[in-house]
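# Need coordinates for the below:
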Amino acid sequence: AKLMPNASSEYVASLLYQPPEAVEGLMARKQTTDSDDEAAVDRLLASPHFGERMAIYWLDLVRYADTGGYHGDNDRNHAPFRDYVVEAFKENNIHISGLVTLPFQDKKRGSDYRDLAPFCNENNISFFRVKDINSKVHKRNPLAPFTTSTLQQTASSRLGFGASRTMQIAQRLYQGIEIDGETIGLITYMRTDGTNLSVDAISSFRDYIQNDIGKEYLPESALNYSGKKAKNAQEAHEAIRPTDISRSPDTVKKYLSTDQQKLYNLIWGRALSSQMETAKFDRNTITITTEDGGTICKSSGSVLKFDGFLKVFPSPNKDEDEAILPEMSKGPINIESLIDEQHFTQPPPRYSEASLVKKLEELGIGRPSTYASIISTIANRGYAEILNKRFFPTDRGKLISAFLEKLFSKYVDYNFTAGLEDQLDEITTGKESW
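Okay, the predicted model is just below:
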């Protein structure tokens with residue numbers, strides 16, 4: 001009432017979220033004490049209805065208190081009340097958001113606006129708003145069935161198996177497990193760099209998906225991964241897969257050891273999922289900016305819409321796939337807190353068995369049958385030691401590496417082995433005479 005003596009009771013009521021009749025008596029009062037005003041601020045901050053419009057109203061009140069703009073008592077010292085309101089806002093961690101102007105109804109002059117930007121700038125109060133909300137469907141495609149290297153990498157990251165351990169278990173599954181008095185090989189040959197599957201296998205996979213999982217999980221046509229092969233891949237064998245997809249992990253569990261069951265479950269799920277529909281996520285990106293555009297904040301989150309291949313081969317990082325954002329709309333918002341964190345660029349981590357196998361494959365060093373033996377050799381001979389599943393070179397390893405690079409640089413060069421493999425492949429295909 002002191003601030004806007006000519007404002008309508010309807011407008012003041014809208015600011016306070018009260019019916020007009022509830023504020024008419026307040027509008028008639030022209031004089032209040034400092035304690036009255038401070039108590040009103042306290043009630044406002046404690047109110048569950050505290051919102052943008054009430055916050056802007058009180059900002060305007062503070063601005064008028066700062067300039068002595070009370071109606072009827074301009075001789076009062078308003079600085080203490082101004083300071084009280086500013087500190088109250090800061091203590092409650094309130095950042096006023098929204099419009100920088102306050103519209104109000106004046107009976108004599110009609111609509112008017114009071115610019116609050118100077119006050120907000122002086123008191124370091126920021127205006128934030130949701131500028132954009134972008135929503136789209138994100139698709140995640142299934143992975144190719146296992147090759148030797150990808151099996152070793154995945155078994156290392158998901159199961160904690162070393163390369164040698166993985167191959168020993170896979171060898172046992174390939175050679176055969178006794179089931180009801182009969183020795184049956186559960187997986188195809190495990191030393192392979194091919195990602196293709198046989199026509200018969202794909203047909204049985206699609207029948208299983210349609211009959212046992214659901215028609216909605218079956219793509220219109222079979223998926224082909226022949227283009228995703230490693231450098232120097234010979235593709236003499238098809239990808240690692242179950243010999244019979246109907247032997248699900250649950251049906252053969254009682255015949256397998258714990259480690260065998262874990263690895264078979266991994267192979268079965270990866271092979272079957274490679275012929276299933278893509279997973280679909282609703283991905284939302286919310287952009288929050290200040291009024292002047294000086295600060296831009298973005299956050300993205302996804303919610304699983306259709307699980308697709310993840311039904312049989314779930315991602316180990318489920319929390320990352322489903323970072324759920326709250327429902328929001330464009331417009332002003334209050335920033336409850338600002339968390340300032342500093343991050344530094346980290347050097348590449350030391351090799352684990354999985355990352356070392358991946359690097360060997362990228363450089364074209366070795367073959368599927370030699371990855372595990374390469375890793376075993378450098379560990380068993382003391383060239384490197386494994387601490388917390390990471391390789392650390394020993395003094396012996398550093399000395400030998402320096403010796404070889406000095407005297408046999410041609411043969412320890414990364415490209416030498418890869419180049420030799422290329423030459424052997426050309427001889428195999430008849431492009432070069434041996």
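
# Check the residue lying closest to residue 158 once chain neighbours are set aside and give its pLDDT.
Distances taken as CB to CB, 6 or more residues apart in numbering put residue 316 closest to residue 158, at 5.8 Å, once the chain neighbours are dropped. C-beta coordinates here come from the backbone N, C-alpha and C atoms, glycine included. We have a pLDDT of 76 for residue 316.

# Distance of residue 316 relative to residue 155?
12 Å (CB to CB, to the nearest Å).

# Comparing the two, which shows the higher neighbour count?
residue 155 (26 against 10; other CB atoms under 10 Å).

# Show the contacting residues for the more buried one.
Residue 155 sits next to 161, 166, 263, 266 when contact means CB atoms under 8 Å, 6 or more residues apart in numbering.

# ok, now residue 273?
So residue 273 contacts 142-143, 309-313 (CB under 8 Å, 6+ apart).

# Just give me the neighbour total for residue 307.
Residue 307 has 15 neighbouring residues, counting by other CB under 10 Å.

# just the strands in the stretch 151-300 of the chain please.
177-179, 182-184, 279-290, 296-306 (DSSP state E, counting those that start in this stretch).

# Check which helices and strands the longest one is in contact with.
Translated: strand 279-290. strand 128-140, strand 296-306 (3 or more CB pairs under 8 Å, 6 or more residues apart in numbering; DSSP states H and E).

# Format those strands as TSV; extra columns: mean neighbour count and distance to residue 385.
Putting the helices and strands packed on strand 279-290 into TSV (neighbours: other CB atoms under 10 Å; distance: least, CB to CB, whole Å) gives the following:
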stretch	mean neighbour count	distance to residue 385
strand 128-140	13	38
strand 296-306	14	40
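
# Would you mind saying which of the ones you listed lies nearest residue 325?
strand 296-306 (3.7 Å; CB to CB).

# packing partners for that closest one?
Counting by 3+ CB pairs under 8 Å, 6+ apart, strand 296-306 packs on strand 279-290.

# And the strand it packs on, what's buried?
279-281, 283-284, 286, 288-290 (16 or more other CB atoms under 10 Å).

# so where's the protein shaky on pLDDT?
Scanning the chain for pLDDT under 70 picks out 1-127, 227-236, 291-292, 317-324, 334-337.

# separation between the closest residue to residue 368 other than its chain neighbours and residue 171?
Closest residue in space to residue 368, ignoring its immediate chain neighbours: residue 148 at 3.4 Å, by CB to CB, 6+ apart. Distance, residue 148 to residue 171, using CB to CB: 11 Å.

# now swap in residue 364 and tell me
From residue 364 to residue 171 the distance is 25 Å (CB to CB).

# Residue 332 too?
Using CB to CB, we find residue 332 at a distance of 64 Å from residue 171.

# So if I had to pick from those two, which one is more boxed in?
The neighbour comparison of residue 332 against residue 171 (other CB under 10 Å) goes to residue 332, with 18 against 12.

# Pretty sure that one sits against residue 128.
Yes. With contact defined as CB atoms under 8 Å, residue 332 reaches residue 128; the gap is 7.2 Å.

# could you list every residue that touches residue 416?
Contacts of residue 416 by CB under 8 Å, 6+ apart are residue 410.
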